[in-house]
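Enquirer: everything below, folded, please.
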Amino acid sequence: MGLLPCPLPCNSHAAISSDHHHLHSESSSSLSSQSSLPSVPSLTPPPQPSHPPDQSPAPARHCCVATLSGHSSYVSSLALAGKSLFSGSSDGEVRAWARSTSGSDTGRAEAVAATAASTSAVKSVVARGDKLFTAHQDHKIRVWRIDAEGRYRLAASLPTVTDRLARLFSAKNYVEVRRHKKCTWVHHVDAVSSLALTHDGSVLYSASWDRSFKAWRVSDFRCMESVERAHDDAINAVVVSRDGLVYTGSADRKIKVWRKEDHQRTHALVATLEQHRSAVNALALSEDGCILYSGACDRSILVWEKAQDGERSREPDGGGEEEGGEHCMVVVGALRGHTKAILCLAVAGDVVCSGSADHTVRVWRRRDGEEDRRYSCLAVCEGHAKPVKCLAASVDVDGDGDGGSHSGRSGTRCLVYSGGLDCKIKVWRIWVPHL
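Expert: Below you'll find the model as predicted:
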């Protein structure tokens, strides 16, 4: 376990065996790339042969500042919380890394002892306050609490014993999970693939390959609701916006939008977004919740925006079947450049990061024009020896570019963390010039 300085481009490490069999067999494999989407316009401008000197775009500077070693199995999930980076791996281990966010530092992180360990592969990690939530291959969600010594202790395994016993003796609490087999609705019956917390941290959402998603009350870990058969195939991703909209992405190629009104007891489907032609692997939201990014095996990142008046008539080109017009979203274009499946996405400010089975991380920046929406690819980060499975990103508000060495040019510095099937976590520093 250690910290390896890594200039860009990083030398590919020797291939390390990883547990590929944990990828779901019923859904389209995340590593099997399919054709891109020619019907969706590209949001990135075509390369120009030349620019006048006064119109040349300011380049983004990027480098790999560190490679974090310590996991012995592939890194499946990353999460940022305060000054810590949490990583989960396919052997059930969760590690915490103390990171620096000061402008004068390089973004390095130092490993601490294994934070938590279980016998089942970690599929997703989220952290808030003194709690760490992990989703696992064995159908369970585990909750860890930090003690006075800074160690994480297992606080609960969801569903809790209390929750299971409360539902045990009533027939109405049982749902059919497969032919001739029933289970109480508080249980996931396949791998829990993704977790998301509401903005206030009061509710945890879990999505599963069993095609359901559930809502858990964080205060007592009680399962409040389960939406069964939310999709026709495994659910790979779930995200929650500030205004309470829940987005689920599935191997059935659909993204669904759900909402629970104050007077309702259950979530209702308000929109179905259909444009992908292969399994949806990843979702990410802009900070204001107005833009949704989706990545799939078709090698494209689709950009969805809330429909303005007059745009809802774009169906089927817009790709949204709306059941609640105010929540309708339409696809405005695609980000292209990856040569294989998109496996993960992360957003930090106006920067979007994508990780792919082509072993690279691409960094995109949104530009909001008066008449059109454009994105530029700021960087292609190369260095992983195997597919990039997970991402986390943050804006360095204290950074001044590149240590003040940009001759007075102002910009923003982002730190991007990528975890791969090569068992490595790489730390990338991206300097983004102001427009």
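Enquirer: got the contact list for the nearest residue in space to Ser212 that is not next to it in sequence?
Expert: Among residues not flanking Ser212 along the chain, Glu228 sits closest, at 4.9 Å (CB to CB, 6 or more residues apart in numbering). The C-beta positions use only the backbone N, C-alpha and C, and glycine is treated the same way. Neighbouring residues of Glu228 by CB atoms under 8 Å, 6 or more residues apart in numbering: Val175, Trp185, Arg211, Ser212.
Enquirer: quickly list what the residue nearest to the second one when sequence neighbours are not counted is bridged to.
Expert: So that's Trp185. If the residues on either side of it in the chain are set aside, Trp185 comes closest to Ser226, at 4.5 Å by CB to CB, 6+ apart. In this entry, Ser226 is beta-bridged to Lys214, by DSSP bridges.
Enquirer: hmm, Ser226 is touching Lys214, no?
Expert: Yes - the criterion here is CB atoms under 8 Å, and Ser226 meets it with Lys214 at 4.6 Å.
Enquirer: please enumerate the shared neighbours of those two.
Expert: Contacts common to Ser226 and Lys214, judged by CB under 8 Å, 6+ apart, are Val186.
Enquirer: which of those two has more neighbours?
Expert: Comparing Ser226 with Lys214 by neighbour count (other CB atoms under 10 Å), the higher total belongs to Lys214, at 26 against 22.
Enquirer: now for the residue nearest to Trp185: which residues touch it?
Expert: Val175, Trp185, Val186, Ser212, Phe213, Lys214, Ala215.
Enquirer: got the phi/psi numbers for the residue nearest to Ser212?
Expert: phi -80, psi 150 (degrees, to the nearest 10).
Enquirer: still on that earlier bit, so which of the contacts of Ser226 comes closest to Leu415?
Expert: Phe213 (30.3 Å; CB to CB).
Enquirer: mind checking the end-to-end distance for stretch 231-242?
Expert: Start-to-end span of stretch 231-242 (CA to CA, to the nearest Å) is 23 Å.
Enquirer: can you list contacts of it?
Expert: 24, 26-27, 30, 190, 193-199, 205-213, 246-252, 254, 256, 279-285, 288-289, 292.
Enquirer: still on that earlier bit, and the residue nearest to Ser212, how far from Ala392?
Expert: Computed as CB to CB, to the nearest Å, the Glu228 to Ala392 distance reads 31 Å.
Enquirer: cool, and Leu345?
Expert: Going from Leu345 to Ala392 by CB to CB gives 11 Å.
Enquirer: tell me the contacts of Thr160?
Expert: Thr160 is in contact with Phe221, Arg222, counting by CB under 8 Å, 6+ apart.
Enquirer: make it 10 Å
Expert: Val143, Ala166, Val186, Trp216, Asp220, Phe221, Arg222, Cys223 (CB atoms under 10 Å, 6 or more residues apart in numbering).
Enquirer: max pairwise distance over those residues: which two?
Expert: Val143 and Ala166, at 18.0 Å, using CB to CB across the contacts of Thr160.
Enquirer: compare the two (neighbour count), which wins?
Expert: It is Val143, of Val143 and Ala166, that has more neighbours when counted by other CB under 10 Å, with 20 against 16.
Enquirer: pull the CA atoms of the helix or strand hosting the more buried one into CSV?
Expert: Val143 is located in strand 141-146, with elements delineated by DSSP states H and E. Provided in CSV are the C-alpha atoms of strand 141-146 (Å, rounded to 0.1, in the frame of the first residue of the first chain):
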residue,chain,number,x,y,z
ILE,A,141,-26.6,-2.6,2.3
ARG,A,142,-24.2,-2.1,5.2
VAL,A,143,-24.1,1.0,7.4
TRP,A,144,-20.8,1.9,9.2
ARG,A,145,-20.3,4.5,11.9
ILE,A,146,-17.1,6.2,12.9
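Enquirer: tell me the average confidence for that strand?
Expert: For strand 141-146, the mean pLDDT works out to 94.
Enquirer: what's the distance between it and the middle of its chain?
Expert: 20 Å (CA atoms, centre = their mean, to the nearest Å).
Enquirer: partner strands of that strand and their direction?
Expert: Within its sheet, strand 141-146 is paired with strand 131-136 (antiparallel), strand 152-158 (antiparallel), according to DSSP bridges.
Enquirer: out of those, nearest to Glu305?
Expert: strand 131-136 (28.9 Å).
Enquirer: now do the helices in the stretch 151-300 of the chain.
Expert: Using DSSP state H, counting those that start in this stretch, the helices found in the stretch 151-300 of the chain span residues 161-167.
Enquirer: quick one, strands of it?
Expert: 152-158, 174-178, 181-184, 192-197, 203-208, 213-217, 222-227, 235-240, 246-250, 254-259, 268-274, 280-285, 291-296 (DSSP state E, counting those that start in this stretch).
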